[in-house]
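Engineer: Please work out how this folds:
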Amino acid sequence: MRNSVLALGLALTAGATFAQQKVEWDTKFNIPVAPKGLKPVPLPDHPLVFDTAEGQNIRLVVLARGLEFPWSMAFLPDGTILVTERSGHLRRIRNGVLDPKPVPGGPAAYWIGESGMPGATHGYMDIALHPHFAENHWIYLTYTKPLDGGKRTTAVARGKWDGHALVDVKDVFVLPEAGTSRIAFGSDGMLYLSTTGRDPQDPNTLGGKVLRLRDDGSVPPDNPFVGQAGHRPEVYTLGHRSILGLTLNPITGEMWQNENGPNGGDEINILKPGRNYGWPLVSYGRTYQGPWQVSPPGHVGFEPPIVIWIPAIAVSGMTIYTGDKFPKWKGDVFVGSLRTGEIPGTGHLERILFNDKWEELRREALLRELRQRIRDVHQGPDGLLYLLTDDRDGAVLRIEPAE
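Structural biologist: Below is the predicted model:
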């Protein structure tokens, strides 16, 4: 009897046709349509306490809410937090209170679409203070700049903070095409600017690169490609995809960057002058149609990443913790996640522990329970961690030690 049942099962299996569900395809952007996913958990008015893997238990506080798709933040010496919004506004938080009116004086920006959806364009993006902000009061913004004829591009604007508004605002660098962009000042005092766009392998274009500029947007004479024919002198590194995290490692003085792979293959890179990081010739990710971007996957012949994610977590803002409030996290790297495995509602905060040679030892996903898109993460002057949730009713979250 048992043999008869087994034979029948084998016969049915041999004659049957099995297929996964048919995935709807977005032909305009040539990507699969994401499922509905999981709904974000409403952020409460009271603090939440979470256990963590290192025994570093934490309390999460909603510091401010009511921000429209916040993108990045900066901390002023007087305790003010400035937050950029996709909608092209700069907002101010003072003593935990969000000023209902945007900061005046910023450049006009273009934005469209829902954050995280195909075709979305960001208005205001990154913000950075000049290393000598206490003396010159300069603030830098990356934004989508509208042009004549309905066109647009990405620009870096610099303005002076007068305590209430940005004044004397002007563009110090304008890119030839629009895209997402991060900025950060290096230990050398130079401004590092990430770009997206076409031809990341072509050193004579600016797309898919990290640029290195003086604070006025001019080219430093010691850039790696200065004076080389067929190379743009602004280029510091090339071969990048979609960079959404750029930060100075205050321990080593190196510039760190993270970028999104396609379907998998998100990575963290340590930027080295003149190096090629491989996109689209190498990758640990798959194409959206299913096959590997390259086969076999890897980075042979190019500068390799120090961390990869498979599946992708849609990496975003990044910081390296050096404070004293979380002693078990000192030296750890924190990366925002917008969604995991292409499923909406799976964003979180990722913590990575390294050894003293900056080799990964282990990682931990934090705040998964909230199902929030974490757009940015920063260490505040108080040694606490601050996060931005990427939502139409976005919030600033603060992570504190749990008493």
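
Engineer: Just list whatever residues bridge to the closest residue to residue 84 other than its chain neighbours.
Structural biologist: Leaving aside its chain neighbours, residue 84 sits nearest to residue 124 (3.9 Å; criterion: C-beta to C-beta, 6 or more residues apart in numbering). Placement of C-beta: from N, CA and C, glycine included. Here residue 124 sits in beta bridges with residue 143, going by DSSP bridges.

Engineer: what sits against residue 124?
Structural biologist: Residues in contact with residue 124 (C-beta atoms under 8 Å, 6 or more residues apart in numbering) are 71, 84-90, 106, 109, 141-143.

Engineer: Ok, residue 316 next?
Structural biologist: With C-beta under 8 Å, 6+ apart, residue 316 has these contacts: 244-245, 258, 335-338, 373-376, 390.

Engineer: mind checking how far stretch 73-83 is from the chain centre?
Structural biologist: With C-alpha atoms, centre = their mean, to the nearest Å as the basis, stretch 73-83 stands 19 Å off its chain's centre.

Engineer: end to end, how far does that stretch reach?
Structural biologist: End-to-end distance of stretch 73-83: 4 Å, with C-alpha to C-alpha, to the nearest Å as the criterion.

Engineer: What average pLDDT does it get?
Structural biologist: The average pLDDT within stretch 73-83 is 98.

Engineer: Buried ones in it, by neighbour count?
Structural biologist: 73-76, 80-83 (16 or more other C-beta atoms under 10 Å).

Engineer: The closest residue to residue 333 other than its chain neighbours sits in which helix or strand?
Structural biologist: Excluding its sequence neighbours, the residue lying closest to residue 333 (C-beta to C-beta, 6+ apart) is residue 352, at 4.6 Å. Per DSSP states H and E: residue 352 is located in strand 348-354.

Engineer: name the helices or strands packed onto that strand?
Structural biologist: In terms of contacts (3 or more C-beta pairs under 8 Å, 6 or more residues apart in numbering; DSSP states H and E), strand 348-354 is packed against strand 333-337, strand 360-366, strand 374-379.

Engineer: Could you list the low-confidence segments of this protein?
Structural biologist: Along the chain, the parts satisfying pLDDT under 70 run over 1-19.

Engineer: Show me where it has its helices.
Structural biologist: 2-15, 133-136 (DSSP state H).

Engineer: picking up where we left off before, ok, the residue nearest to residue 84 to residue 175 distance?
Structural biologist: Per C-beta to C-beta, to the nearest Å, residue 124 is found 15 Å from residue 175.

Engineer: now do residue 152
Structural biologist: 11 Å.

Engineer: Next: residue 57.
Structural biologist: Distance from residue 57 to residue 175, by C-beta to C-beta: 44 Å.

Engineer: Compare the two (neighbour count), which wins?
Structural biologist: residue 175 (22 against 12; other C-beta atoms under 10 Å).

Engineer: who touches that one in this structure?
Structural biologist: So residue 175 contacts 153-155, 181, 195, 197, 206 (C-beta under 8 Å, 6+ apart).
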